[in-house]
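Student: heads up, no residue letters with this:
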């Protein structure tokens, strides 16, 4: 029995409890409207909470470890040692005339940040499910605070890179000043992916078991141990005709063929859109180790891809967040 106020006084209205749904309808849960501008304002107002959560997790990460914060340095170094032993002699994994350890370590640092964002950021909501139902601050704080922790770990990992420069008697080139821009693009990409994965994991817990597999396979699908130049810039898609040529050089006959006409695509650009880490790693190596200017076409497509991941990932997150506390 409920009481409803009116201009004629209080009116008693009887309500059948069985007609009250146990859960909100799906159209409210998954199709609610989101004010993104207001959400961003609330997120900015809660920036201190992000810093506090990041400090908590950073301290807890190494609190019980015997070597403590040194693990942030030793982990990428151990990965580098394995790569040098296994892949340094494989010809298809060329290092552009650079020491393979130095060449590979730049890729390892870029990949390690993203892999940690995918793993830790993707599980950030589940790891903090006790806070989801008890707090009112924006839920985006949980994936974003893992980014801060990953950034601190990555900064510590640059110490071995500096030592490698000394060991091989090299110095970072002046073009290294472009590297922070590449890192910003990677952060944008990582935030978008972490937002999407963290919100989907709440709905599909099986994805937690798939994440390590994705991370392992992604390492080899990303130019960490192999050069980005292995991806062709002109790939024949369809049409045209195959023209054969024969040349004689120093008494040796060489046969080769190429397509004339038809449709060709730049696979580097396509790859760079779907995996911005490719152009990021390639340009980080070219600028830092070789002193070359950035390849702006690749930087542009990587930026476009990263922004797309961020916008789509944030949209998925905001659409699903209304049900986080109930499901977690």
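Tutor: Here it is on my side, so go on. Small disclaimer: the values here were computed from a predicted structure and weren't measured.

Student: For residue 297, report the pLDDT, please.
Tutor: On pLDDT, residue 297 comes in at 94.

Student: which element is it on?
Tutor: Per DSSP states H and E: residue 297 is located in helix 296-320.

Student: Where does the prediction get shaky in the stretch 101-250 of the chain?
Tutor: With pLDDT under 70 as the threshold, the stretch 101-250 of the chain has low-confidence stretches at 236-250.

Student: so where do the strands sit in it?
Tutor: Taking DSSP state E, counting those that start in this stretch as the test, the strands found in the stretch 101-250 of the chain are 235-238, 241-249.

Student: show me what contacts the closest residue to residue 161 other than its chain neighbours?
Tutor: Distance criterion Cβ to Cβ, 6 or more residues apart in numbering; nearest residue to residue 161, sequence neighbours excluded, is residue 105 at 5.7 Å. In this view, the C-beta of every residue, glycine as well, is placed from N, C-alpha and C. Listed by Cβ atoms under 8 Å, 6 or more residues apart in numbering, the contact partners of residue 105 are 76, 80, 160, 161, 164.

Student: closest to residue 61 among the residues you listed?
Tutor: For those, the residue nearest residue 61 by Cβ to Cβ is residue 76; the value is 15.1 Å.

Student: Now do the same contact list for the closest one.
Tutor: 105, 108, 109, 112, 157, 160.

Student: for residue 179, same thing?
Tutor: Residues counted as contacts of residue 179 (Cβ under 8 Å, 6+ apart) are 284, 287, 288.

Student: quick one: buried residues of stretch 75-93?
Tutor: Using 16 or more other Cβ atoms under 10 Å as the test for burial, stretch 75-93 gives 75, 76, 77, 79, 80, 83, 84, 87, 93.

Student: so how far is that stretch off the chain centroid?
Tutor: Stretch 75-93 sits 22 Å away from the centroid of its parent chain (Cα atoms, centre = their mean, to the nearest Å).

Student: quick one on the thing from earlier: just the ones in helices from the contacts of residue 179, please.
Tutor: Assigned to helices by DSSP state H, the following of the contacts of residue 179 qualify: 284, 287, 288.

Student: Show me the two of the contacts of residue 76 that sit farthest apart.
Tutor: In the contacts of residue 76, two members sit farther apart than any others by Cβ to Cβ. They are 112 and 160, at 11.6 Å.

Student: okay, now residue 152: neighbour count?
Tutor: Residues lying near residue 152 (other Cβ atoms under 10 Å) number 17.

Student: which outside residues touch the helix holding residue 297?
Tutor: By Cβ under 8 Å, 6+ apart, the list of residues contacting helix 296-320 from outside reads 30-32, 34, 36, 39, 139-140, 143, 181-182, 185-186, 188-189, 191-196, 198-200, 202-203, 268-269, 272-276, 278-280, 282-283.

Student: buried stuff in that helix?
Tutor: Buried-residue list, helix 296-320, by 16+ other Cβ under 10 Å: 298-299, 301-303, 305-306, 308-310, 313-320.

Student: Same check on stretch 224-239?
Tutor: Buried residues in stretch 224-239, defined by neighbour count with 16+ other Cβ under 10 Å: 224, 225, 226, 227, 228, 231, 236.

Student: which ones are touching residue 275?
Tutor: Taking Cβ under 8 Å, 6+ apart, one finds 221, 222, 305 in contact with residue 275.

Student: Quick one: residues contacting the residue nearest the centre of the chain.
Tutor: Residue closest to the mean C-alpha point of the chain, counted by Cα atoms, centre = their mean, is residue 190 at 2.8 Å. Taking Cβ under 8 Å, 6+ apart, we find residue 190 in contact with 113, 114, 117, 118, 121, 147, 150.

Student: That one and residue 77, how far apart?
Tutor: Distance, residue 190 to residue 77, using Cβ to Cβ, to the nearest Å: 22 Å.

Student: circling back: which of the contacts of residue 76 count as buried?
Tutor: Neighbour-count burial (16+ other Cβ under 10 Å) applied to the contacts of residue 76 gives 105, 108, 109, 112, 157, 160.

Student: between those residues, which is closest to residue 46?
Tutor: The nearest one, if we look at those relative to residue 46 and count by Cβ to Cβ, is residue 112, at 27.5 Å.

Student: Please, which helix or strand holds the residue lying closest to the closest one once chain neighbours are set aside?
Tutor: Counting by Cβ to Cβ, 6+ apart, residue 76 is the residue found nearest to residue 112 once chain neighbours are left out, at 5.6 Å. Assessed by DSSP H and E, residue 76 sits inside helix 71-87.
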